[in-house]
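>>> I need the structure of the sequence given here:
(4 chains)
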2 protein chains.
Amino acid sequence: MITIINMSSAPNRWTKQLKVIVDIVYGSHGPMTADEVYHAARARLPNISLGTVYRNLNKLESEGLVSEVTKGNTTAFVKHPFSNATFECEVCGRLFCVPYDLRNSEMERKVGMKVNRWSIRMTGVCKECERKCI
Amino acid sequence: MITIINMSSAPNRWTKQLKVIVDIVYGSHGPMTADEVYHAARARLPNISLGTVYRNLNKLESEGLVSEVTKGNTTAFVKHPFSNATFECEVCGRLFCVPYDLRNSEMERKVGMKVNRWSIRMTGVCKECERKCI
DNA sequence: ATGCAAATGATAACCATTATCAATATGTCC
DNA sequence: GGACATATTGATAATGGTTATCATTTGCAT
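So this is what the prediction gives:
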């Protein structure tokens, strides 16, 4: 079970629901939608409500512990805080996190403004679909 | 008035509503939400409906003539097709298009998959707010 | 001009997300 | 440990952006 060292913003209780949600998102290999987190959480806490999942994901997001990324027409959450790069396959719809190195300072130089976070979103054809579709 | 040379996908009529919507989006300096396009369009076509605006923006998006970008909790549309970079100010909430050069081939090399489109989203503090807030 | 399919306007439906609120659970202070 | 204050929860309703529906209108080929 993962433990968060400090949650900065004032009122905060380490509830079992929050624990489970952190555990799920941080244990995932890729981005998860709120609904996916909800279903995973229900396996451990059958009475947890979808509202609680949203509340906690938003809290974690405002704490900088998870990031939101676009997935199709909805939103998914990833454990990597702040900057991230995702790749969405146009064929199978899967969304991957991919490592990508870019410096904030490099962006700031190019853009001329203070950059706190960035995210890169790529769409294309994943390896597997590339192989199948040719 | 801007004219589109060819709209590839089969059934397509060059309606006055579509003309006005293309004109507005391509005449804009920055990303516009569907609602903003709707209100701008009503100035010229008082009876145009919001549904028509959405239908045409989605059509233009599928034709590759506009791109969707995230703005706050909603979606905005920009004329630059395919890849783009946007900067959202955390203070005033404005969303800017910024020039950014990155090669698809460079991304493909880093990611190892076929990249068709990319978009970079940065958040930070814009010049104006930087000046005010210090 | 005529005919027909595509597009529109008006409206209802959809669905992800947020707000509400009484009930519950957490952390603190004794 | 027990009691208190209040943050959080579960259940549900509300919200709001977006899409679907359908009768009517309009663009366009003949």
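>>> what's the longest helix in chain A?
Among all segments of chain A classified by DSSP state H, the helix with the greatest residue count is helix A:50-63.
>>> what about it, near DNA strand D?
Yes: counting by Cβ under 7 Å from any atom of the strand, DNA strand D is contacted by helix A:50-63 at A:50-52, A:55-56. Bear in mind the C-beta positions are built from the backbone N, C-alpha and C, glycine included.
>>> and chain A, what are its domain boundaries?
Taking automatic domain parsing as the domain assignment, the ranges for chain A are A:16-78, A:84-133.
>>> verify the contact between residue A:93 and residue A:72 for me.
Yes: applying Cβ atoms under 8 Å, one finds residue A:93 in contact with residue A:72, separated by 6.5 Å.
>>> picking up where we left off before, most surrounded residue in the residues of helix A:50-63 next to DNA strand D?
When neighbours are counted as other Cβ atoms under 10 Å in any protein chain shown, the busiest of the residues of helix A:50-63 next to DNA strand D turns out to be residue A:56, with 23 neighbours.
>>> tell me the helix or strand right after the longest helix of chain A.
strand A:67-71 (DSSP states H and E).
>>> immediately after that next one, which helix or strand?
Next in sequence after strand A:67-71, counting helices and strands by DSSP H and E, comes strand A:74-78.
>>> can you tell me what sits against that following strand?
Strand A:74-78 is contacted by residues A:25, A:28, A:30-34, A:36-37, A:57, A:60-61, A:66-70, A:84, A:86, A:95, A:97 when judged by Cβ atoms under 8 Å, 6 or more residues apart in numbering or on different chains.
>>> and the angle for it with helix A:50-63?
With axes from the mean of the first three to the mean of the last three Cα atoms, to 10 degrees applied, the angle from strand A:74-78 to helix A:50-63 works out at 60 degrees.
>>> hmm, strand A:74-78 in reach of DNA strand D?
No: contact of strand A:74-78 with DNA strand D (Cβ under 7 Å from any atom of the strand) is absent, the minimum separation being 10.3 Å.
>>> dump stretch A:40-53 to CSV, restricted to CA.
Provided in CSV are the C-alpha atoms of stretch A:40-53 (Å, rounded to 0.1, in the frame of the first residue of the first chain):
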residue,chain,number,x,y,z
ALA,A,40,-11.7,-1.1,-9.4
ALA,A,41,-12.4,0.5,-6.0
ARG,A,42,-15.8,-1.3,-5.7
ALA,A,43,-13.9,-4.5,-5.7
ARG,A,44,-12.4,-3.5,-2.4
LEU,A,45,-15.0,-1.2,-1.0
PRO,A,46,-18.4,-2.3,-2.4
ASN,A,47,-20.2,0.8,-1.1
ILE,A,48,-17.9,3.4,-2.4
SER,A,49,-19.8,5.9,-4.5
LEU,A,50,-18.8,7.4,-7.8
GLY,A,51,-19.0,10.9,-6.3
THR,A,52,-16.3,10.0,-3.8
VAL,A,53,-14.1,8.8,-6.5
